[in-house]
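[1] just a sequence and a predicted model for now, questions to come.
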Amino acid sequence: MRFLYLVLASLTIGTLVGHFLSPDFGNAYELMLYILIFLIGMDLGLNFNAKELRKVGGKALVLPFLTLTGSILGGLLASLILGIEPRWGLAIGAGCGWYSLTGPLIAQYSAVYGAVGFLGNLMREILTILLYPIAIGKIDPKKAVVMGGATTMDTTLPIITKFGGREVALVAFIHGFILTAVVPFLVPLILSL
């Protein structure tokens, strides 16, 4: 439980620092994200051999498909429950946690749904950070990776690695990488329908 308080404190402090100091530091957050991805890639490359990569390959390729399917169906269900046009729910769900892309893409069509897309996908990332350690007590750590969506390649990967282990880290990285490649094409496609 102590860990959850540390995560919440870190998120709060990071949000405040980003809010008040971001103009002074320019794109420092983006640079830090690239450094994080580079270090994670180096760690994975140095710690896994070809046999281990083949072992995780199948699951790492199926999980992004399941994540995308579940996210889109969840968005559709939410739109039906809320009585909004289905394409908004589908597009928000197709964002798979990538709030910094989904929000602006949807905002080109609707500022309101762009804000909802941003906040909904941001919430997915935050909930993954908070709930992944708890979820793996109930379900397989590899299957729990789906909750992070595209964020499992970068921002939620440290949490997944810490609590899920080395093998789960590789699955999470591949999962996030595939979703990160698909989301920029899928969200605009849904919005153009």
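    Alright, I've got the coordinates. Numbers count the residues shown, from 1 in each chain.
[2] any chance you could map the helices in the chain?
    2-25, 28-47, 50-82, 86-94, 99-107, 111-135, 157-164, 166-192 (DSSP state H).
[3] residue closest to the middle of this protein?
    Centroid-nearest residue in the chain: residue 151, 2.4 Å away (criterion: Cα atoms, centre = their mean).
[4] doesn't residue 127 make contact with it?
    No: using Cβ atoms under 8 Å, residue 151 is not in contact with residue 127; the gap is 10.5 Å. C-beta here means a position set from N, CA and C on the backbone, and glycine is covered the same way.
[5] which residues does the residue nearest to residue 80 when sequence neighbours are not counted contact?
    Nearest in space to residue 80, with sequence neighbours left out and distances taken as Cβ to Cβ, 6 or more residues apart in numbering, is residue 86 at 7.1 Å. For residue 86, the contacting residues are 76, 79-80, by Cβ atoms under 8 Å, 6 or more residues apart in numbering.
[6] ok, those vs residue 106, which is closest?
    residue 79 (12.8 Å; Cβ to Cβ).
[7] just to revisit the earlier point, would you mind listing which of the contacts of residue 86 are buried?
    Buried residues within the contacts of residue 86, counting neighbours by 16 or more other Cβ atoms under 10 Å: residue 79.
[8] of the contacts of residue 86, which is the nearest to residue 189?
    residue 76 (15.0 Å).
[9] isn't that closest one right up against residue 88?
    No: using Cβ under 8 Å, residue 76 makes no contact with residue 88, being 10.2 Å away.
[10] can you lay out the contacts of residue 86 as TSV showing distance to residue 144 and pLDDT?
    Converted to TSV, these look like this (distance: Cβ to Cβ, whole Å; pLDDT from 0 to 100):
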residue	distance to residue 144	pLDDT
76	23	96
79	26	95
80	27	96
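[11] nearest to residue 166 among the contacts of residue 86?
    Looking across the contacts of residue 86 and measuring by Cβ to Cβ, the closest to residue 166 is residue 76, at 35.7 Å.
[12] ok, now which ones touch the closest one?
    86, 89-90, 93.
[13] over to residue 106?
    Contact partners of residue 106, counting by Cβ under 8 Å, 6+ apart, are 88, 91-92, 95, 113-114, 116-117, 187, 191.
[14] likewise residue 117?
    91-92, 95, 99, 102-103, 105-107.
[15] try 10 Å
    By Cβ atoms under 10 Å, 6 or more residues apart in numbering, the residues touching residue 117 are 75, 88-89, 91-95, 98-99, 101-107, 110, 187.
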